[in-house]
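[1] For reference, the sequence and a predicted model appear below.
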Amino acid sequence: MKKQEGFTLIELLVVIAIIGLLSTMAVVSLNSARAKARDAKRLSDVKQMANILSIQATEGTTASTLAGCVAVDANVTGCTGPGEVSQFSKFNDPSTSGTACASGSTGTCQYSITAAGATVENAQIRFFLENAAGGLTGGIVHTINANGQFNP
């Protein structure tokens, strides 16, 4: 009897299908891990920015901190991105979106800062979470104030 060498076509197809299935599952779980990492960075960034605002408010820093922001109306100053406030220039949302977070934003957006009367004490930082993280729901814009309090 002749000894068979190598693999049959069926065996090769089964192995290829298994490898394809495993690689698909790995990519899906990797995308989920990336989104969680972006949300963790967002939470870390906004907490640091809130700490900066809190320190400035405690030190009696004037509204000139937010002077680079534009007047949204007579009582509110808004920054379309953290780069408009010199202390926040190193903080950028990990998404590639260039749009500022507005109260009705439904997708990824850059951090934005608003302040009633442009005072540091009244400043709020808006940010978007892709998934639930840190006790906050995902898919909506949240705010954090200078005291470190989150609002959905």
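    Structure received. Numbers count the residues shown, from 1 in each chain.

[2] Which other helices and strands does the helix or strand hosting Ile52 contact?
    Secondary structure from DSSP states H and E places Ile52 in helix 9-58. With contacts taken as 3 or more C-beta pairs under 8 Å, 6 or more residues apart in numbering; DSSP states H and E, helix 9-58 sits against strand 123-128, strand 141-145. Quick note: C-beta positions are derived from backbone N, CA and C, even for glycine.

[3] Comparing these, which comes out most buried?
    Of all the helices and strands packed on helix 9-58, strand 123-128 has the most neighbours on average by mean count of other C-beta atoms under 10 Å, namely a mean of 25.

[4] who does it pair up with?
    Here strand 123-128 has these sheet partners by DSSP bridges: strand 112-116 (antiparallel), strand 141-145 (antiparallel).

[5] could I get those strands as a markdown table with distance to Asp39?
    Listed next are these as a markdown table, based on distance: least, C-beta to C-beta, whole Å:
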| stretch | distance to Asp39 |
| --- | --- |
| strand 112-116 | 17 |
| strand 141-145 | 11 |
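
[6] Quick one, which of these gets closest to Lys3.
    Lys3 lies closest to strand 141-145 among the strands paired with strand 123-128, at 67.8 Å (C-beta to C-beta).

[7] Next, the contact list for the most centrally placed residue in the chain, please.
    In the chain, the C-alpha nearest the mean C-alpha coordinate belongs to Arg42, at 3.8 Å (C-alpha atoms, centre = their mean). For Arg42, the contact set (C-beta atoms under 8 Å, 6 or more residues apart in numbering) comprises Asp93, Pro94, Tyr111, Phe127, Phe128, Leu129.

[8] Pick out the shakiest of the strands paired with strand 123-128, pLDDT-wise.
    When these are compared by mean pLDDT, strand 112-116 comes last with a mean of 76.

[9] next one: that strand to chain centre, how far?
    On the basis of C-alpha atoms, centre = their mean, to the nearest Å, strand 112-116 sits 17 Å off its chain's mean C-alpha point.

[10] ditto for stretch 89-101
    Computed by C-alpha atoms, centre = their mean, the separation of stretch 89-101 from the middle of its chain amounts to 8 Å.
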